[in-house]
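A.B. asks: Structure, please.
(4 chains, ligands or ions: 4)
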Amino acid sequence: MSTTPHSTAGVAAPLPHGGHGAAAQGSHGDQGHGHNPDLAHHFDTPVQQFDAGKLGIWTFLVTEVLFFSGLFCAYSIWRSLHPEAFMYAHHYLDTKLGATNTVVLLFSSLTAAWSVRCAQLNQKRGLVVCLALTLMCAFGFLGIKFVEYSHKLHDGIGWGESYQPHNPKLFTTLTPSGHYKGGKYVSEIAAERGLAVAGVPYADLDVPGKLAIANELRTEFLPEPPTVRTFFSIYYGMTGLHGVHVVGGILVYIWLLVRALRGRFHSGYFGPVDYAALYWHLVDLVWIYLFPMLYLIH
Amino acid sequence: MSNTHLHAGDAAHGHNAIAHVASIKVLVGVFVLLLILTGVTVGAVFVDLGALNIWIAMGIATVKALLVAMFFMHLAYDRPFNGIVFIASLVFAGLFVSVLLLDAREYKPNVDSYRALSPLVPSSSN
Amino acid sequence: MSFQLPIALYALVNQAAQAPAPREANLIFPVEASTVARGLDDVFYFILWVSIISFVIVIAAAALFVLRYRAREGHKEEKTATHGLGLELTWTIIPTILVTIMFFAGFKGFLELKTAPQNAETILVEAQMWKWSFTYANGAQSDELVVPLGRPVKLVMSSIDVLHSLYIPAFRVKQDVVPGRYTSLWFEPILAGTYHLFCTEYCGTQHSSMITSVRVVPEEQYQAELTELANFIDRLPPLEAGERVFRMKGCATCHNLTAETRAGGGPGLGGLAMNASRAFVDGSSGTVDEQYIRESILVPGAKVVSGYPNIMTPYQGRITEDELRVLIEYLKSLTP
Amino acid sequence: MAFTTPAAPGATALASQADNDNYLKHGRGVLSWLMTLDHKRIGVMYLVAVLTAFFLGGIFALVLRTELFFPADASNVGLFLTPDLYNQMFSLHGAIMVFLFIIPSIPAALGNFILPVMLGAKDVAFPRLNLWSFYLWCIGAVFFLIVLMQGGLDTGWTFYTPYSSTKSLTAVVPALMGAFILGFSSIFTGINFLVTLHKMRPEGMTFFRMPLFLWGLYATAIIQVLATPVLGITLLLLIVERTKNIGIFDPALGGDPVLFQHFFWFYSHPAVYIMILPGMAIISEVISIFSRKHIFGYRFIACSSIAIALFGFFVWGHHMFTSGQSPLAATIFSALTFSVAIPSAIKVFNWLTTMYKGNIVLRAPMVYALGFLFLFAIGGLTGLFLGTIGTDIHLHDTYFVVAHFHYVMVGGTLWAFLAGLYHWWPKMFGKMYSERSAIVGSIVAFIGFNLTFFPQFLMGSQGMPRRYFTYVPEFQIYHQLSTIGAFTLFAGLLIVAYNLIHSLLKGEKAPNNPWGGATLEWQCSSPPPYYNFHEQPVVGDPYDLDRVQWDPKVGGYVDRPGYVPTVLH
Ligand code: HEA
Ligand code: HEA
Ligand code: CUA
Ligand SMILES: [Cu+2]
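C.D. replies: Ligands and ions are numbered 1, 2, ... in the order given. Here you go, the predicted structure:
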């Protein structure tokens, strides 16, 4: 950890002005003689530069972990103080979609890790392929998220103020272990009973109308725990923040792909590929926890 | 690592002068393991073990996290310090979450006694 | 100032339970008017002494060195040891011991502050922007706190809007009042008199006006005042009763009795009956009558006089019909 | 003139280079500054920026102090402010001073300039990130200007919910965004320093041969990296709480305001050590050099910095003793709070021992260092009254607290900052300043400071609550003393400012090593060349002051010819 690369320029020997002297030391062979274009002037050797970048990105990941920790904290407190809200609300979350997204992210992690290997081994085509695959997975993930979000928002299940469920699931029984059972969407019930307002059937009603019917029906079923709204705040907060990170990852990978196509990376210079992969793996790590925490409540 | 010579030649046979190269076997192997574990978590949900479920799920998640960190993120071969740095983040995040959880549970009664008298209006009915 | 180290130490070692005579107000503290005050002050004085002594050591040493070793003709520095475990341990261990004593002393005081006696007289406190209201066992209400001398009192507190904090310096007690939960504190007054009661958690515009007083009175007078408070509306002429409701409900924090606006508050209420019409923020306007005043008290948001923010707390459900009746009478009686 | 060993070939050539090629002359025009990646120029830009913020915050302070000269009259009309305006004054004062001034002051301004040079490196590890950090600061500052234009901020710098999330009518969201961005600026500085110190130390400089200033910055970086992200998420949650009512902090929706205070202080307590650690580190340098003595207890001072950084994470609850936090938590936090006092005590006593039998030169930096010792001791010791639960119940949210944190932040950090500024000024700008007005300024400021804040201890313990627009009559005398003091302090600082500006314009040329320091920054010319060193500086014991000797010809210190460094142990 505290070992420092030796400036072969040596003690008290004058450096050529402009400061690429030490750089020359680090990079025989690779680029031929002297000046190494991939080495920033203030580093002595590519190894030093790479290690610095690596420690830098790891430190950045540390800040990311603590950034997310706030939401994990809110989650665990609400989960332990208001389990009922979670028991009720998880019925809205689609485990299948969640699981699919998990697999997508895991695969993208594989390709990301592979892209590093390719860069290290000068496999330029492999690198491009891996980066491209990673990107595609990222888009896929967002696509699935979009489907999930739009379904909820369509039923008025937003966060904060926009939590106005006009097509909520209603439950008939509560098991001793606190599980809500016999869930049915208002839309279904309305369809079965052919409910309507002023002759307009539920399906064709505007939002206020649907809300009216929903509130109407609520009285017959189990009451909704008051902090459900907070659950969805937390759900959107966590998945949303994670989504923002995915978007960030996409930007980074587009940039990498461009440079890879230009053949900028090679066994002597692949830092950015490695760092981006590390970041992407962290995004994956976070999701590895979010999935059971949000989608697998039972 | 001290000053190393980089020969593009090194790259040819699965080896790089600057950093360790993960073998395809390891990468794919880890990926498969991750898939299996994901399957297990989803499966575990359908056996109701009450409070135990969440801990099982978290346990499996942690194993998966470890796999990713050790192999995909190279921690297994990396400078130990990078690992230490990462662990530090988890330790402090843990401190943060656990202390707040402890306090929240401690003062819960004051909140509940108040809620008993003036309950929250269920959010959706507004 | 009577902070002799021996006294302080003594009080720490043996329980401050059989409390010595309370100290008079001095440069550091107000009078020690509750049972816990004396003990807590002793802790303070103990820390104060430790601090003064270590401060003097530090500064004296620094001054001495500057004088003895200041750069001047013919003076040169001497090589001395660059490290010494012995010294380091000394100035690690001694402070450690001292702060450990501080912690336990403070902790003991804290326990006293947190464990209210069973027989404590309970008074309900409701805080709102920006007034206190106290409700007593017999249902009587007041805007200043009246407590019996020599009897433990427990305040059970809640807030209807934001954080507030109830602070009585003379009793050395303070507790935040948190919306959405109950918090409580207790004290036993040992000196009759009137003391400050401050709000010490920032709560907006009138935070610094959210102050009232605590009156410590003998037991029988306490009982008398409670019964008097409980049914003053029936006994007093409407205007007097209304004037008291006006104070009780804390209207004075935001409204002047004259026509001019109170800084950071609402319209002045002087001459309400006279000025027949008012313009509202929504552009509309209306005439001041019984009904209008009534509405402005119960649901102030309904008609907000233009030029003022809509910040008043609705009194719907916070004021009885009788109170409202006399209050309106009183308001109408006000001259500009 | 560059320090060169006669042996070195072309020494003269290099020397002449040194004269015309320093970082100030290297590249001209505004753009060459705004686009620069040079840590020295970024440091200088930061210096200008934070001093501007300091000035602004100070003006707000003077305004609120003036208002407090008299209490408001019967119908609550103040001297010249309304209650709302007063509340905005202290909120903006606090927020600007903390987020825009004191957090970046020493690390980002002085640290940026000195760290790489002290390290014998050409730059920090990530120069581009460094520039970004500065521009994030600027963006954050812009947000605070927006706040000023959009009706100010009246939540206090602590943004407590639910007032900040539901009731406040001021521009809370822009302020939160500003603080959020400033947080990332601070994080980037932290990452940069951490990596630089790990990966760019020259041959022979192990961790335990690093100058203590670098140890201080290292400890600071640890806190910046571990604590600041939590501030980020806290502010983010508060923003959505205010805009979308997500119901995490708002009790009306089942949220928990005490939770917010936990979130906030988890960052903001460690943050106070972001403020003081670099200051202490400067003091360690100054006291050793100006006592012409090897620092005493190097390892203890170094480790105590780390200890403070880490312990600092376990005590945040001491800001919440009366908040409705559980007694259990309160007790734990009180106990842990004292753990931080010990390493601080260790530092203080090591500094004293360093002065023992020294040859104490009372130049400006040393005068400020002594002032620091005096003021920080008071500030720190009063922290003990607050750390003790029983007594804090009475003192919390009174002026006693206000006095405490001004003694540590102004008397501590600001004094150390000025000590460092005077210490490195010749190196940074190659100009000397007037010693006399420097001393005069420090004395005036010292008197003014104590006059401002000592009375606040007294009125505080007598029960004067903080954040009060007006007050009950018995506190008037203390408030008036305090206000008078504030203006005296202002005068002192004006002298400081004048002196420094004057030195820039008219100051005589500074030698490379005016004070006889043995750390590497004194081995390069003043101001340093663009790449800091024309030759690898010789790494030795940073406190082995015998390496250098006074040279009347240069008017500064130069290497002692043929000096054999004491063997490093
Ligand atoms: C530079 C910033 C800084 C520093 C260094 C400190 C240092 C300390 N602070 Fe302070 N503090 C603040 C900035 C700082 N604080 C701020 C800004 C607030 C208020 C925030 C707000 O509410 O707005 C605050 C508030 C605050 C509180 C909450 C008060 C309240 O709101 O009720 C507490 C309580 O424990 C506290 C304690 C301490 C302690 C124990 C130390 C210790 O680290 C001090 C250690 C130093 C010494 C002990 C002195 C040196 C040692 C000697 C002279 C030798 C002798 C020593 C012994 C015998 C032990 N501080
Ligand atoms: C670094 C932090 C810092 C600094 C330096 C100061 C400096 C000062 N502060 Fe403040 N203060 C806080 C941080 C700080 N403060 C915080 C966090 C709060 C809490 C806010 C809240 O409650 O939310 C607070 C609150 C606070 C209060 C309490 C308000 C209340 O509770 O009602 C008061 C009252 O007297 C006060 C006064 C002062 C004064 C007189 C100064 C003086 O020292 C100011 C002197 C400085 C100047 C007048 C500027 C002069 C500058 C130049 C001339 C240029 C400088 C250039 C060079 C030196 C080269 N401050
Ligand atoms: Cu109520 Cu401040
Ligand atoms: Cu603190």
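A.B. asks: Which parts of chain C are strands?
C.D. replies: C:121-128, C:131-135, C:141-142, C:145-148, C:153-159, C:164-168, C:173-177, C:183-187, C:193-199, C:212-217, C:277-279, C:285-287 (DSSP state E).
A.B. asks: In CSV: those, plus mean pLDDT and distance to D:Phe55.
C.D. replies: For every residue, glycine as well, the C-beta is placed using N, CA and C. CSV is the format used below for these (pLDDT from 0 to 100; distance: least, C-beta to C-beta, whole Å):
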stretch, mean pLDDT, distance to D:Phe55
strand C:121-128, 93, 38
strand C:131-135, 92, 39
strand C:141-142, 87, 49
strand C:145-148, 95, 45
strand C:153-159, 94, 38
strand C:164-168, 97, 33
strand C:173-177, 96, 35
strand C:183-187, 94, 41
strand C:193-199, 96, 33
strand C:212-217, 95, 40
strand C:277-279, 78, 43
strand C:285-287, 80, 48
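A.B. asks: Quick check: which of those strands is buried the most?
C.D. replies: Mean neighbour counts were taken over those using mean count of other C-beta atoms under 10 Å in any protein chain shown, and the top value, a mean of 27, falls to strand C:164-168.
A.B. asks: Is that one in proximity to ligand 3?
C.D. replies: Yes: looking at strand C:164-168 against ligand 3 by C-beta under 6 Å from any ligand atom, the contacts come from C:His164.
A.B. asks: Give the buried residues for the helix or strand A:Gly248 falls within.
C.D. replies: With elements taken from DSSP states H and E, the one containing A:Gly248 is helix A:228-261. Burial within helix A:228-261, assessed by neighbour count using 16 or more other C-beta atoms under 10 Å in any protein chain shown, is assigned to A:228-239, A:241-243, A:245-246, A:249-250, A:252-253, A:256-257, A:260.
A.B. asks: Check which residues of stretch A:125-137 are buried.
C.D. replies: Of the residues in stretch A:125-137, those buried under the neighbour-count criterion (16+ other C-beta under 10 Å) are A:Leu127, A:Val128, A:Val129, A:Cys130, A:Leu131, A:Ala132, A:Leu133, A:Thr134, A:Leu135, A:Cys137.
A.B. asks: residues contacting D:Phe80?
C.D. replies: Shown here is D:Phe80, whose contacts under the criterion C-beta atoms under 8 Å, 6 or more residues apart in numbering or on different chains are D:Thr66, D:Glu67.
A.B. asks: Now the buried residues of stretch A:125-137 in CSV, please, with extra columns for pLDDT and distance to C:Ser296.
C.D. replies: Converted to CSV, the buried residues of stretch A:125-137 look like this (pLDDT from 0 to 100; distance: C-beta to C-beta, whole Å):
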residue, pLDDT, distance to C:Ser296
A:Leu127, 94, 73
A:Val128, 94, 72
A:Val129, 94, 73
A:Cys130, 95, 70
A:Leu131, 95, 67
A:Ala132, 95, 68
A:Leu133, 96, 67
A:Thr134, 96, 64
A:Leu135, 96, 62
A:Cys137, 95, 62
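A.B. asks: now the residues you listed in JSON lines, with secondary structure and distance to A:Val273?
C.D. replies: Compiled in JSON lines, the buried residues of stretch A:125-137 are given as follows (DSSP: H, G, I helix; E, B strand; the rest coil; distance: C-beta to C-beta, whole Å):
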{"residue": "A:Leu127", "secondary structure": "helix", "distance to A:Val273": "7"}
{"residue": "A:Val128", "secondary structure": "helix", "distance to A:Val273": "11"}
{"residue": "A:Val129", "secondary structure": "helix", "distance to A:Val273": "13"}
{"residue": "A:Cys130", "secondary structure": "helix", "distance to A:Val273": "9"}
{"residue": "A:Leu131", "secondary structure": "helix", "distance to A:Val273": "8"}
{"residue": "A:Ala132", "secondary structure": "helix", "distance to A:Val273": "13"}
{"residue": "A:Leu133", "secondary structure": "helix", "distance to A:Val273": "14"}
{"residue": "A:Thr134", "secondary structure": "helix", "distance to A:Val273": "10"}
{"residue": "A:Leu135", "secondary structure": "helix", "distance to A:Val273": "13"}
{"residue": "A:Cys137", "secondary structure": "helix", "distance to A:Val273": "16"}
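A.B. asks: Would you reformat those residues as CSV and include distance to chain B?
C.D. replies: Converted to CSV, the buried residues of stretch A:125-137 look like this (distance: C-beta to the nearest C-beta, whole Å):
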residue, distance to chain B
A:Leu127, 12
A:Val128, 17
A:Val129, 14
A:Cys130, 11
A:Leu131, 15
A:Ala132, 17
A:Leu133, 13
A:Thr134, 12
A:Leu135, 17
A:Cys137, 12
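A.B. asks: Rebuild the residues you listed as TSV, extending it with distance to A:Thr173.
C.D. replies: Listed next are the buried residues of stretch A:125-137 as TSV, based on distance: C-beta to C-beta, whole Å:
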residue	distance to A:Thr173
A:Leu127	56
A:Val128	56
A:Val129	53
A:Cys130	50
A:Leu131	51
A:Ala132	50
A:Leu133	46
A:Thr134	46
A:Leu135	46
A:Cys137	41
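A.B. asks: For those, work out which two are farthest apart.
C.D. replies: Distance extremes for those: the farthest pair is A:Leu127 and A:Cys137 at 16.0 Å, using C-beta to C-beta.
A.B. asks: List the contacts of the residue of the stretch 101-250 of chain C found nearest ligand 2.
C.D. replies: When scored by C-beta to the nearest ligand atom, the stretch 101-250 of chain C has C:Tyr202 as its residue closest to ligand 2, at 7.3 Å. With C-beta under 8 Å, 6+ apart as the criterion, the residues that contact C:Tyr202 are C:Leu163, D:Asn87, D:Thr155, D:Gly156, D:Tyr160, D:Tyr163, D:Arg467.
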